[in-house]
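S.K.: Any chance you can model this:
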Amino acid sequence: MKRWCFAAAFLAVLTVVISVPAHAQMGMDIFKRPAITKVFHPVIGKGAAYTDTNKDGKSHTTEIGIVGKDMAEGKEGYWMQFVSSDPEGKAMVGKALITMDDFQFHRMIVQPAGQQAMEMPMNMSAAHREKTENSMNEWHSVGTETITLPAGTFSCEHWRNDKNNSDIWTSDKITPFGLVKQVSANNTMVLAKVLDSVPDRITGPVKQFDMQERMQQMQQRRQQMPQ
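M.R.: Alright, predicted model coming up:
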């Protein structure tokens, strides 16, 4: 499910949900739909580190972990953090507050390297919600397999998406998404390490995202670029 690419998407929708990247409030009961969502089992302080390699052979690291709990609209939610490093070692950090019973995203905070943390607006159009829901339903289980990766050997459930020619292997031993390996046309993500102590990487005060301010910053950067 694209929620793992959400790891990369969140960091990209962030840019999924700044896909997962960043996605926004789902507004749908995912857990009553595709069985693939059963692998979500958050544990505070636990997580996983991945090596993500694109089709050109370039790699970067991504960490996903649970860093806290909070209430959202009267429901108990978990803060799920994503940390992605670029080839230069700079990290993009983001975390989303997700309610367990319906898997809705209620809040999203992102912090690019060297910048102040910002809380992003969480809203998703009906068309985007429908598209996300349809993509979730495209996954189906094709059985169990044992695979060996840098992090060890795992007995996994193999999920297949015939529409976009992608595969995901999951294990209930891995928090929070169960992801052990993902293969798509554009990238391969493999579990590099199980994390037993995941700190909250969002630092300093958090400000609300200001679209007008963001546009001004982008304009200033363009003006500073050499002609």
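
S.K.: Low-confidence ranges, the protein, go.
M.R.: Residues of the chain that meet the criterion pLDDT under 70 lie in 1-39, 86-89, 102, 123-137, 211-214, 216-218, 221, 225-227.

S.K.: Go through it and flag its longest strand.
M.R.: Assignment by DSSP state E gives strand 59-72 as the longest strand of the chain.

S.K.: What is that one packed up against?
M.R.: Contact here means 3 or more C-beta pairs under 8 Å, 6 or more residues apart in numbering; DSSP states H and E; on that basis strand 59-72 packs against helix 2-11, strand 47-54, strand 75-85, strand 91-99, strand 105-111, strand 187-195. Any C-beta I mention is one placed from the backbone N, CA and C, and that applies to glycine too.

S.K.: Using CSV, lay out the ones you listed together with mean neighbour count and distance to Leu149.
M.R.: As requested, the helices and strands packed on strand 59-72 are exported to CSV (neighbours: other C-beta atoms under 10 Å; distance: least, C-beta to C-beta, whole Å):
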stretch, mean neighbour count, distance to Leu149
helix 2-11, 27, 15
strand 47-54, 20, 9
strand 75-85, 21, 19
strand 91-99, 23, 23
strand 105-111, 22, 28
strand 187-195, 18, 5
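
S.K.: Any chance of TSV for these, columns distance to Pro150?
M.R.: Below are the helices and strands packed on strand 59-72 laid out as TSV (distance: least, C-beta to C-beta, whole Å):
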stretch	distance to Pro150
helix 2-11	17
strand 47-54	7
strand 75-85	17
strand 91-99	20
strand 105-111	28
strand 187-195	5
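
S.K.: nearest to Lys207, of those?
M.R.: strand 105-111 (9.9 Å; C-beta to C-beta).

S.K.: re the thing from before, buried ones in the longest strand of the chain, by neighbour count?
M.R.: Neighbour-count burial for strand 59-72 flags 60-67, 72 (criterion: 16 or more other C-beta atoms under 10 Å).

S.K.: Give the helix, strand or coil label for Gln223.
M.R.: helix (DSSP: H, G, I helix; E, B strand; the rest coil).

S.K.: Relative to Met120, how far out is it?
M.R.: 25 Å (C-beta to C-beta, to the nearest Å).

S.K.: can you check Asp167 too?
M.R.: Relative to Met120, and taking C-beta to C-beta, Asp167 is found at 30 Å.

S.K.: what do you get for Pro112?
M.R.: In terms of C-beta to C-beta, Pro112 sits 12 Å off from Met120.

S.K.: who has more neighbours, these two?
M.R.: Neighbour totals were compared for Pro112 and Met120, and Met120 leads with 19 against 16 (other C-beta atoms under 10 Å).

S.K.: partners of the more buried one in the sheet?
M.R.: With DSSP bridges applied, Met120 shows beta-bridge pairing to Met108.

S.K.: from memory it sits against Lys207, does it?
M.R.: No - using C-beta atoms under 8 Å, Met120 is not in contact with Lys207; the gap is 10.9 Å.

S.K.: Tell me who's in contact with Gly143.
M.R.: Applying C-beta atoms under 8 Å, 6 or more residues apart in numbering to Gly143 gives the contacts 157-158.

S.K.: Starting from the helix or strand that contains it, tell me the next helix or strand along the chain.
M.R.: Following DSSP states H and E, the helix or strand that holds Gly143 is strand 139-149. Using DSSP H and E, the next helix or strand after strand 139-149 towards the C-terminus is strand 152-161.

S.K.: Thank you kindly, that will do.
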